[in-house]
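> Quick one, what's the 3D model for this:
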Amino acid sequence: MAKARRAAPKIVELYIELQDIKPLIWRRLMVPLTITLPALHDLLQITLGWTDSHLHSFTFGERSFSMPYDEFFEELEMEDERRKTLGAVLGRDLQEFVYLYDFGDSWRCRVKVVPRPDADPDWTYPLCVGGARAVPPDDVGGPSGYERFLEVIKDPQHEEHKETLSWIGGAFDPEGFDINAVNRIVRFGRA
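As a prediction, the model looks like this:
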């Protein structure tokens with residue numbers, strides 16, 4: 001007897017570009033429209049390589065969403081993201097949104113949305129399907145701080161070279177991106 005195939009979920013491809021950094025740092029993800037914004041935030045943290053140690057927000061057109069952060073939440077005029085799904089906030093017409101991580105360093109990601117009617121019902125979603133270059137480490141000081149960080153770690157003669165390498169854990173490859181490692185964490189969690 002033939003095995004019945006399950007229906008393919010409604011999937012979109014997200015093309016994420018980290019703004020204000022050259023050369024371009026990007027990721028491509030396939031996600032179900034039913035993903036919640038908190039789950040999407042977690043996915044972005046994993047695929048971009050950040051540590052989820054700062055505030056974040058999503059902006060869809062004129063609406064902004066975030067986790068409620070005590071007294072700051074009201075002042076930021078954001079909606080609670082906890083029960084919102086990507087499909088619900090995108091609606092039919094939006095093809096792009098902004099993900100902002102770390103309100104101090106202001107890592108701004110432009111996210112383009114492309115429908116994928118050819119989703120494979122045998123694949124597990126979400127799934128990272130592409131990317132290039134490592135994202136800047138948390139707490140590096142925004143785009144200008146990242147430029148300085150790269151100068152320091154590339155120059156063994158720089159007075160802060162040893163200290164900076166120690167702070168980052170011994171090594172940092174700005175060109176490094178491992179799609180297999182990302183998908184293992186997405187699927188099985190961190191070790």
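> Can you classify the spatially most central residue of the chain as helix, strand or coil?
In the chain, the C-alpha nearest the mean C-alpha coordinate belongs to residue 44, at 2.6 Å (Cα atoms, centre = their mean). Secondary structure state of residue 44, per DSSP: H, G, I helix; E, B strand; the rest coil, is helix.
> contacting residues for it?
By Cβ atoms under 8 Å, 6 or more residues apart in numbering, the contact set of residue 44 is 16, 99, 101, 109. Placement of C-beta: from N, CA and C, glycine included.
> Quick one: neighbours of residue 142, just the number.
Using other Cβ atoms under 10 Å, residue 142 has 17 neighbouring residues.
> Quick check: it touching residue 105?
Yes. In this structure, residue 142 is within contact of residue 105 by Cβ atoms under 8 Å, at 4.3 Å.
> contacting residues around the longest strand belonging to the chain?
In the chain, taking DSSP state E as the definition, the longest strand is strand 107-116. By Cβ under 8 Å, 6+ apart, the residues outside strand 107-116 that reach it are 11-20, 30, 44, 48, 50, 90, 94-101, 135-136, 142.
> Is it possible to mark the buried ones in those?
The neighbour-count test (16 or more other Cβ atoms under 10 Å) marks 11-14, 16, 18, 30, 44, 48, 50, 90, 97, 99-101, 135-136, 142 as buried among these.
> In strands, which of those fall?
Counting by DSSP E, the part of the buried ones among the contacts of strand 107-116 found in strands is 11-14, 16, 18, 30, 97, 99-101.
> State the next helix or strand along the chain beyond the lowest-mean-pLDDT helix or strand in the chain.
One helix or strand of the chain scores below all others by mean pLDDT, DSSP states H and E: helix 70-75, with a mean of 62. Elements were assigned by DSSP states H and E; along the chain past helix 70-75, the next helix or strand is strand 79-80.
> pLDDT averaged over that following strand, what's the number?
Averaged across strand 79-80, pLDDT comes to 88.
> what does stretch 96-115 give?
Confidence for stretch 96-115, expressed as mean pLDDT, is 95.
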